[in-house]
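# below: sequence and its predicted model.
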Amino acid sequence: MFVSYDPSRALELLRIGSGNPHANFREDQEEAIRRVVESGERLLVVQRTGWGKSFVYFIATKLLREAGCGPVLLISPLLSLMRNQVAAAERMGVRAATRNSSNTKDWPDIHARIWSDELDILLISPECLANEKFRGEELAIMGPRLSLLTVDEAHCISDWGHDFRPHYRLIERALRRLPSNVRLLATTATANDRVMADLTTILGPKLGVLRGDLARPSLTLQTIPLSDQAERLAWLAEHLHTIGGSGIIYVLTVSDANRIAGWLGEQGLNVASYSAEEDSERRVELENALLHNEVKALVATVALGMGFDKPDLAFVIHYQMPGSVVAYYQQVGRAGRALDTAYGVLLAGGEDVDINHWFIDSAFPSRGEVSDVLGVLEREPDGLSEQRIQGHVNMKPKRVKTTLSALSLESPSPVVKEGSRWQLTASRLDESFWERTEHVTSVREEELRQMRQYVGLPFGSHMAFLIEALDGDPSTAAAPSSRPLPVTIRQDLVEDAVTFLRRTSLPIEPRKQWPADSVIPGAGTKPIPCDHRAQPGRALSTWGDAGWGTLVYRGKYHDGRFCDDLVAACARMVRQWDPQPSPTWVSCVPSRRRPDLVPNFARRLADALGLPFHEVLLRVADAPEQKTMENSVQQARNVWSTFASDDRAIPPGPILLIDDVVDSRWTLTMCAWLLLRGGSGPVWPVALSRAGGGA
């Protein structure tokens, strides 16, 4: 359907949506709207963050609907982005809704609005395209009437995109099912030549491109390499309050988000942590607090990456180095969109490379993982649920999910999901799958090397480097608009940060249910009885962290003995914790590999607490190290029948049960079960370290 473009109405909508009665279109904004509305072509818009890509698709939506065209479907990667966009759309009178996993109660109303044509634009995540109910209902209704398909953060379609989302592959299939004349608008800020070539292949050879200047003159970029975490904490405490306005501090792990927010809060700064662990309501609350400058900063993982729109964001600080310069440009570009000057500071740390290598290595399933999963399904023609597959393969639940997802998105796919069960199809996995994943992995290794080069750049050269990495014109980069921030660090703050990092007491939640396919006789998946279950415990550190974790690692693998400082710190933790009923004796988890390591520590801890030590648990069989077991079923099986207890020697009172590192918690669960069956009182687990920080 031909639609005549009305420039005066488009400008009116821009001014309404922006809340600025004097607003005018930025370069190429109006051209993009006109080309989508009037010519109906497929268009890729590559413009810097802050340019206003959302105005293009919302104004286009409103103009198309006012001309009598059908509804618009917008595919967007993050919930926070969707929330921002629905609010922006409604200001222009665009009737918008989002369908995602956090608002299932709204789905019937959304369906009714689509059916009655009372919805102008529906925002979905790419994962919705894999949902049978969505494809069979909402998309079936919208598809024949659709006037425009918009793909936001379109670089996610490409294997080469830094935020590649596998379910974006389904867009190519969805396009084949939509009317051939449907308009298409794809937008991104981070598409280098390689990504753009990939998008042209996927979205169509006649894809028009509007590509703008990537320079951000308002951003003053700076790198401050500080390998030690205590130094980075000290820098933040000393200098964050000197930067005007509010901003974001990006981290690579959830544990770092929580730790930094806690530290800065103690230093009198109003900050909060933001990660995927927060529920939807809490995330909205935090986003609004930052939008209204009620907090100095959110300490955030990539859960706030592409999806947050605050034009007056004054700074973005990275506590650690992202994996590529294009990812960094995307995140740092959140700052200074409506300000004359803003800061983008990278505090590169010593742990950055290892964390990023982990992300690279875990992005795709390995050949072994694919072989294991396909092998299990080949032996089970009726199919298996994900949980049942875990009982047959030594893989983490997330790796099973990643493998099945990657395989199911191939075309043709070797696996298919029927209800809750996964089954093999007649198709076989093509070797091109491995060629693609191996090549993408090598490219990402090169991108990480490029990011390490960025860290070492002198002040004033960072923006040009980013633009060149995105295949733009580096000559457009202007000199920084502000002076660099100080790199000095107060030594007293460093010492305070070290003390803070060592003042940890992490929870160890007790296991409450045996796993599926359990080998515990008669247990099945029944709850573990309360009188045979460990109590909530405590861990002194996260394994390998900058507080006590490094000393735990050194004691286990280098010294063969945990130092006296760890004994004193653990004793302080137990006294402050003060579990009730109070422990009357101490024991420990036995090991055949290092038979003296934990008992030696437990005896010294017992002495420090003035409690007797009784070695009542025995290791009666060898088994692989528990850390090599990847899911609950394998972990529980691995410890079953490897421990026994000397019931005659078990005292009746409450007990502190000591181990060095806790990961799956099944070792502590089994040992507590044995102790309680043997007549002990409540079992309070204590560990020197808790494995893993979470991403």
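Thanks, I have it. Numbers count the residues shown, from 1 in each chain.

# now do Val519, the pLDDT please.
If you check Val519, the pLDDT there is 53.

# equivalent analysis for the one 10 residues further on, please.
Confidence per residue is given as pLDDT, and for Pro529 that number is 88.

# next, the buried residues of the helix or strand that contains Arg449.
With elements taken from DSSP states H and E, the one containing Arg449 is helix 432-455. Along helix 432-455, the positions that meet the burial threshold by neighbour count (16 or more other CB atoms under 10 Å) are Phe433, Thr437, Val440, Arg444, Glu447, Leu448, Met451, Tyr454. Where you see a C-beta, it was placed from the backbone N, CA and C, and this is true even at glycine.

# tell me the first helix or strand C-terminal of the lowest-mean-pLDDT helix or strand in the chain.
Ranked by mean pLDDT, DSSP states H and E, the weakest helix or strand in the chain is helix 79-91, scoring a mean of 70. Following helix 79-91 in sequence order, the next helix or strand is strand 96-99 (DSSP H and E).

# quick one: contacts of that following strand?
79, 82-83, 85-86, 89-90, 106-107, 110, 113, 119-124, 128, 134, 138 (CB atoms under 8 Å, 6 or more residues apart in numbering).

# and what of stretch 54-63?
3, 5-6, 9-10, 13-14, 17-18, 29, 32-33, 36-37, 45, 72, 74, 84-85, 88-89, 92-94, 120-121, 148, 150, 152, 185, 187, 309.

# can you flag the buried ones in the residues you listed?
Buried residues within these, counting neighbours by 16+ other CB under 10 Å: 3, 5-6, 10, 13-14, 17-18, 29, 32-33, 36-37, 45, 72, 74, 84-85, 88-89, 92, 94, 120-121, 148, 150, 152, 185, 187, 309.

# in the stretch 1-150 of the chain, what spans have low per-residue confidence?
Confidence mapping of the stretch 1-150 of the chain against pLDDT under 70 gives the ranges 1, 78-85.

# okay, now the unreliable bits of the stretch 451-600 of the chain?
Filtered on pLDDT under 70, the stretch 451-600 of the chain yields the residue ranges 516-525.

# apply 50 and report the result again.
Counting by pLDDT under 50, the stretch 451-600 of the chain contains no low-confidence segment.

# can you map out the helices along it?
For the stretch 451-600 of the chain, helices defined by DSSP state H, counting those that start in this stretch occupy the ranges 462-469, 491-501, 549-554, 564-577, 597-609.

# export those as TSV, with columns for mean neighbour count.
Written out in TSV, the entries for the helices of the stretch 451-600 of the chain read as follows (neighbours: other CB atoms under 10 Å):
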stretch	mean neighbour count
helix 462-469	22
helix 491-501	16
helix 549-554	19
helix 564-577	17
helix 597-609	19
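
# tell me which of those helices lies nearest to Trp263.
Evaluated with CB to CB, those place helix 491-501 nearest to Trp263, the distance being 5.3 Å.

# remind me which residues of the stretch 151-300 of the chain are low pLDDT?
In the predicted model of the stretch 151-300 of the chain, no residue satisfies pLDDT under 50.

# so where do the strands sit in it?
The residue ranges that make up the strands of the stretch 151-300 of the chain, judged by DSSP state E, counting those that start in this stretch, are 183-188, 208-211, 219-223, 247-250, 271-274, 297-300.

# do the same with the stretch 301-450 of the chain
In the stretch 301-450 of the chain, the strands defined using DSSP E, counting those that start in this stretch lie at 315-318, 342-346, 415-418, 421-424.

# what comes into contact with the first one?
Looking back up the chat, that one is strand 315-318. By CB under 8 Å, 6+ apart, the residues outside strand 315-318 that reach it are 236, 240, 243, 245, 247-250, 297, 328, 331-332, 334-335, 342-348.

# wait, isn't Leu207 in contact with Leu43?
Yes: Leu207 is in contact with Leu43 according to CB atoms under 8 Å; the separation is 7.3 Å.

# what is the burial count for Glu277?
Residue crowding around Glu277 was assessed by other CB atoms under 10 Å; the count is 14.

# er, Ser481 I mean
16.

# what of Trp543?
The burial metric for Trp543, expressed as a neighbour count using other CB under 10 Å, is 22.

# and it, how far from Ser664?
13 Å (CB to CB, to the nearest Å).

# out of the strands of the stretch 151-300 of the chain, which comes closest to His462?
Taking the strands of the stretch 151-300 of the chain one by one with CB to CB, strand 219-223 is closest: 3.7 Å.

# how distant is that closest one from the center of its chain?
On the basis of CA atoms, centre = their mean, to the nearest Å, the separation between the geometric centre of strand 219-223 and that of its chain is 25 Å.

# partner strands of that strand and their direction?
Strand 219-223 has these partner strands in its sheet, going by DSSP bridges: strand 342-346 (parallel).

# how far away is the residue lying closest to Ser482 once chain neighbours are set aside from Gly336?
If the residues on either side of it in the chain are set aside, Ser482 comes closest to Thr220, at 4.2 Å by CB to CB, 6 or more residues apart in numbering. Counting by CB to CB, the gap between Thr220 and Gly336 amounts to 8 Å.

# higher neighbour count, those two?
Gly336 (28 against 25).

# who's in contact with stretch 551-560?
Outside of stretch 551-560, the residues within contact range by CB under 8 Å, 6+ apart are 540-541, 543-544, 561-563, 565-566, 594, 597, 660-661, 688-689.

# could you redo the last one with a cut-off of 10 Å?
For stretch 551-560, the external contacting residues (CB atoms under 10 Å, 6 or more residues apart in numbering) are 502, 539-545, 561-563, 565-566, 569, 594, 596-598, 600-601, 660-661, 687-689.

# between the two ends of that stretch, how far is it?
From the first residue to the last, stretch 551-560 extends over 11 Å; the measure is CA to CA, to the nearest Å.

# shared neighbours of Trp543 and Ser664, anything?
Contacts common to Trp543 and Ser664, judged by CB under 10 Å, 6+ apart, are Lys627, Ala691.

# picking up where we left off before, between which two of the buried residues of helix 432-455 is the distance greatest?
The widest separation within the buried residues of helix 432-455, taken as CB to CB, falls between Phe433 and Tyr454 and amounts to 31.5 Å.

# distance to Ser482 for the strands of the stretch 151-300 of the chain - can I get that in a markdown table?
Below are the strands of the stretch 151-300 of the chain laid out as a markdown table (distance: least, CB to CB, whole Å):
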| stretch | distance to Ser482 |
| --- | --- |
| strand 183-188 | 28 |
| strand 208-211 | 28 |
| strand 219-223 | 4 |
| strand 247-250 | 14 |
| strand 271-274 | 22 |
| strand 297-300 | 18 |
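
# where exactly do the strands run in the stretch 551-695 of the chain?
Counting by DSSP E, counting those that start in this stretch, residue ranges of the strands within the stretch 551-695 of the chain are 585-588, 617-619, 643-645, 655-662, 683-690.

# closest to Ser280 out of the ones you listed?
Ser280 lies closest to strand 683-690 among the strands of the stretch 551-695 of the chain, at 26.6 Å (CB to CB).

# name every strand pairing with that closest one and say which way it goes.
According to DSSP bridges, strand 683-690 has the following sheet partners: strand 537-542 (parallel), strand 655-662 (parallel).

# just want the angle from the shortest one to helix 491-501.
Computed by axes from the mean of the first three to the mean of the last three CA atoms, to 10 degrees, the angle separating strand 537-542 from helix 491-501 equals 150 degrees.

# hang on, Asn103 packs against Val284?
No: between Asn103 and Val284 no contact is recorded; they are 11.3 Å apart, counting by CB atoms under 10 Å.

# for Asn631, give its distance to Gln387.
When distances are taken as CB to CB, Asn631 and Gln387 turn out to be 9 Å apart.

# please say which of these two ends up with more neighbours.
The neighbour count for Asn631 versus Gln387, taken as other CB under 10 Å, is higher for Asn631 (22 against 17).

# and that one, what is it in contact with?
Asn631 makes contacts with 387, 389-391, 393-400, 515-516, 664, as judged by CB under 10 Å, 6+ apart.

# now, the most widely separated pair of the residues you listed?
Of all pairs drawn from the contacts of Asn631, the one with the longest distance (CB to CB) is Ile389 and Ser664, at 18.0 Å.
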